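Asker: Mind folding the following:
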Amino acid sequence: MVIDELRPEDAARAAELDAVLFADSQPWSERAFLDALASWHHYLAARCDDELVGYAGLAFTAGPPRPEAEVHTVAVAPEHQGKGIGRALVRGLLAVADQERAEVFLEVRTDNEPAHRLYESEGFAVVGLRRRYYPVSRADAHTMRREAVK
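Answerer: Numbering: from 1, shown residues only. Below you'll find the predicted structure:
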């Protein structure tokens, strides 16, 4: 597995994965991925044998003196889950945030126990609840926060 930058030519495959993984929470289109890559977002890709099998995105939402970042998504193809790919992507995003000494936030479904365990093991803690956060499923989400590195 290789972690590198998500590229515009990955947008169609990323949209395919998003449709499978986030069908109940408004998956992104190819155009949405292209727009994100052309903006201030930072996206990583996970590749196995040159095939895109995962991606993750981070955006900075506030600058100094108290920089903040938000994890927008972490996604791994179902057949590749449980192999440490999600953790590698999260750690890659956190390395980017740590360079800026940014506090990091994210939202995660309240019933997504594997994601909660991953995020907690990487220093995140639940700081809030967003009722009916996901527009299609109306599922609740926890807001999680990781303090900035000193």
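
Asker: The biggest helix by length in the chain: what's the following helix or strand?
Answerer: Secondary structure of the chain per DSSP state H: the longest helix is helix 85-99. Downstream of helix 85-99, the first helix or strand assigned by DSSP states H and E is strand 103-109.

Asker: Check which helices and strands that next one sits against.
Answerer: With contacts taken as 3 or more CB pairs under 8 Å, 6 or more residues apart in numbering; DSSP states H and E, strand 103-109 sits against strand 68-76, helix 85-99, helix 113-121, strand 141-146. From N, CA and C alone the C-beta is placed, and that goes for glycine too.

Asker: Mind listing what's buried along that strand?
Answerer: When neighbours are counted by 16 or more other CB atoms under 10 Å, the buried residues of strand 103-109 are found to be 103-109.

Asker: How about stretch 31-44?
Answerer: Residues of stretch 31-44 classed as buried under the neighbour-count rule (16+ other CB under 10 Å) are 33-34, 36-37, 41-44.

Asker: which SS state does the residue of the chain most remote from its centre fall under?
Answerer: In the chain, the residue that sits farthest from the middle, by CA atoms, centre = their mean, is Pro65; the gap is 24.2 Å. Secondary structure, DSSP: H, G, I helix; E, B strand; the rest coil: Pro65 is coil.
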